[in-house]
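Q: Build me a model:
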Amino acid sequence: MYANIQGRAIPIPITTIVMRLPRNRIDGKRVAASKPQALGMVENTRGRLNTHSAMMNFSISILLPCLFFLFGMLTPYSVVAVESWKEFAVWPTTDDQELPDIDGNIVVWQQFVAEYGDYDIYVADMNNPDDSLAVVIGDDNDQMEPAIFENIVVWQDFIIQEGSGDWDIWACDLSDRDQPVFFAVTNILDNDEQSPAIHGNIVVWQDGAEGDYDIYGADITDPESPAEFVVAAFERDQRRPAIYRNTVVWQDSYYGDEDIIAADIWMRNKPAEFGVSLLEFDQQRPAIWGDIVVWADNYFGDMDIYAAKWHGLPAREIHGQDGHATGTDVPSPVEFAVVNNEADQTNPDIDRNIVVWQDNRNGNWDIYGYNLTTRREFQITDNPYDQTNPAVSGPFDSAQGEDLLHAERRRGMVVWEDSRDGNLQIFAIVLDGPEVAQCTSELAGDVNGDCKVDFDDQAIMLSQWLECNLEPEEACLSF
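A: This is a model prediction of the structure:
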């Protein structure tokens, strides 16, 4: 049986239907951030501040009905029998599915619904194999580029009002599946907000027009009044942001090529920027977890995956005795190659100690992974068709409060776009075993950080035997 809602035939039963209502749009002013002198950047004073008000959110009302469907009985694929290292389609369909993201057991993606000719956001809960649950968020326009953190989904939403349209950032809190909460994160009139990312209660996105994108963020602790702030607003493009806790990273074309820049946003009104990779040629598509950033890098003429780790405290202002700021203490990222063979590797993602990317060393795009702890690479897919745009979550174990597909041992999950069936579908695989090994505790003698004490550690120690870097040098004398 089907119900006809807003011209769409929706299978019955429908557990919940939520109507998205229109909102007032504020045309305010934004103030550009300052750039540390160490980067030599000049601020771009263009911008507008999205001044959300309680009245605006109270009047979120009727323009764009957003249909929210919980298909409790529409389970085209059961994951009860999902085995480790066995690929499976998350939600098989003849529609194209693209740009997946995953956090814990929740997978999101954009799906081009051919019947209606637009993109909607789909959500799958992989922790309910006996009653797989899919959530669809959509209306007559496009909803694209979703990102997920715990139970909050964010996406860019094309809004048409008064004869013109632009991209805004919207969110949905799925904590209560029967009463989901929709809210606008940012909705500046006649201004594009795109490519959102989320971690904790902070959403970041690229803002403005091509050729002059900036990075903005919003604290969504109060969904009725998101507090927007500037992360980076400078000449040329700052785009493709990613976030982990208080650190935002993005690719930046200020110097003419693409670099990876980061900012500590602990102080919302004074983000402390620092360079992650400022080498020649292009560094693109960053992802971050903890104090490690990964990206695609064409320094050697093809695309490789590089990473940087910074040590010590996050960036903080340095103050003199009079209390005035005298500079910024920024991390010193240490770069290293994740994979740099002669083929192309791009679109990396990272979670905990696992990095994944798409790789064409075999003549088509496959998904590969790398364990940052064991320093071992592993192949995830070997299908002759293309697998692209991977995302990874985990590894988790039951002690961490995660229950990824009812795992009794440490497991992770990778999702990606897959063309094996003639159209793009979201496929997934559950990882376990040595490939996703993690270090349970630090070892005092583990010099190189691979969670083992062996001859490699001894060689490093002996190579620096009796060296001393104390300043002044007299401090190195034995007493």
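Q: So which residues of the stretch 201-350 of the chain form strands?
A: With DSSP state E, counting those that start in this stretch, the ranges of strands along the stretch 201-350 of the chain come out as 202-207, 214-219, 227-232, 238-244, 247-252, 259-264, 272-277, 283-289, 292-297, 304-309, 316-319, 325-329, 334-339, 345-351.
Q: Reformat those strands as a markdown table; add mean neighbour count and distance to R375.
A: Any C-beta I mention is one placed from the backbone N, CA and C, and that applies to glycine too. As requested, the strands of the stretch 201-350 of the chain are exported to a markdown table (neighbours: other Cβ atoms under 10 Å; distance: least, Cβ to Cβ, whole Å):
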| stretch | mean neighbour count | distance to R375 |
| --- | --- | --- |
| strand 202-207 | 28 | 31 |
| strand 214-219 | 26 | 32 |
| strand 227-232 | 23 | 33 |
| strand 238-244 | 25 | 22 |
| strand 247-252 | 27 | 23 |
| strand 259-264 | 27 | 22 |
| strand 272-277 | 23 | 20 |
| strand 283-289 | 24 | 17 |
| strand 292-297 | 26 | 13 |
| strand 304-309 | 23 | 12 |
| strand 316-319 | 12 | 31 |
| strand 325-329 | 13 | 30 |
| strand 334-339 | 15 | 10 |
| strand 345-351 | 24 | 15 |
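Q: Would you format the ones you listed as a markdown table with distance to V123 and mean pLDDT included?
A: Below are those laid out as a markdown table (distance: least, Cβ to Cβ, whole Å; pLDDT from 0 to 100):
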| stretch | distance to V123 | mean pLDDT |
| --- | --- | --- |
| strand 202-207 | 17 | 97 |
| strand 214-219 | 21 | 97 |
| strand 227-232 | 25 | 96 |
| strand 238-244 | 20 | 97 |
| strand 247-252 | 25 | 97 |
| strand 259-264 | 29 | 95 |
| strand 272-277 | 31 | 92 |
| strand 283-289 | 21 | 98 |
| strand 292-297 | 25 | 97 |
| strand 304-309 | 28 | 96 |
| strand 316-319 | 38 | 50 |
| strand 325-329 | 40 | 52 |
| strand 334-339 | 30 | 95 |
| strand 345-351 | 18 | 98 |
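Q: Export those as a markdown table, with columns for distance to Y122.
A: Shown next, in a markdown table, are the strands of the stretch 201-350 of the chain (distance: least, Cβ to Cβ, whole Å):
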| stretch | distance to Y122 |
| --- | --- |
| strand 202-207 | 20 |
| strand 214-219 | 24 |
| strand 227-232 | 28 |
| strand 238-244 | 22 |
| strand 247-252 | 26 |
| strand 259-264 | 30 |
| strand 272-277 | 33 |
| strand 283-289 | 22 |
| strand 292-297 | 26 |
| strand 304-309 | 28 |
| strand 316-319 | 41 |
| strand 325-329 | 42 |
| strand 334-339 | 30 |
| strand 345-351 | 19 |
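Q: out of those strands, nearest to D103?
A: strand 345-351 (8.5 Å; Cβ to Cβ).
Q: counting contacts, what elements does that closest one pack onto?
A: strand 283-289, strand 292-297, strand 304-309, strand 354-359, strand 387-396 (3 or more Cβ pairs under 8 Å, 6 or more residues apart in numbering; DSSP states H and E).
Q: and the third one with strand 292-297, angle?
A: Counting by axes from the mean of the first three to the mean of the last three Cα atoms, to 10 degrees, strand 304-309 points 150 degrees away from the direction of strand 292-297.
Q: what residues are up against the closest residue to W250 other than its chain neighbours?
A: Once flanking residues are discounted, W250 sits nearest to P241: 4.4 Å by Cβ to Cβ, 6 or more residues apart in numbering. P241 sits next to 195, 197, 204-206, 215, 231, 248-250 when contact means Cβ atoms under 8 Å, 6 or more residues apart in numbering.
Q: for A171, same thing?
A: Per Cβ under 8 Å, 6+ apart, neighbours of A171: 152-155, 182-185, 198, 203, 220, 223.
Q: Quick check: phi and psi on it?
A: phi -140, psi 160 (degrees, to the nearest 10).
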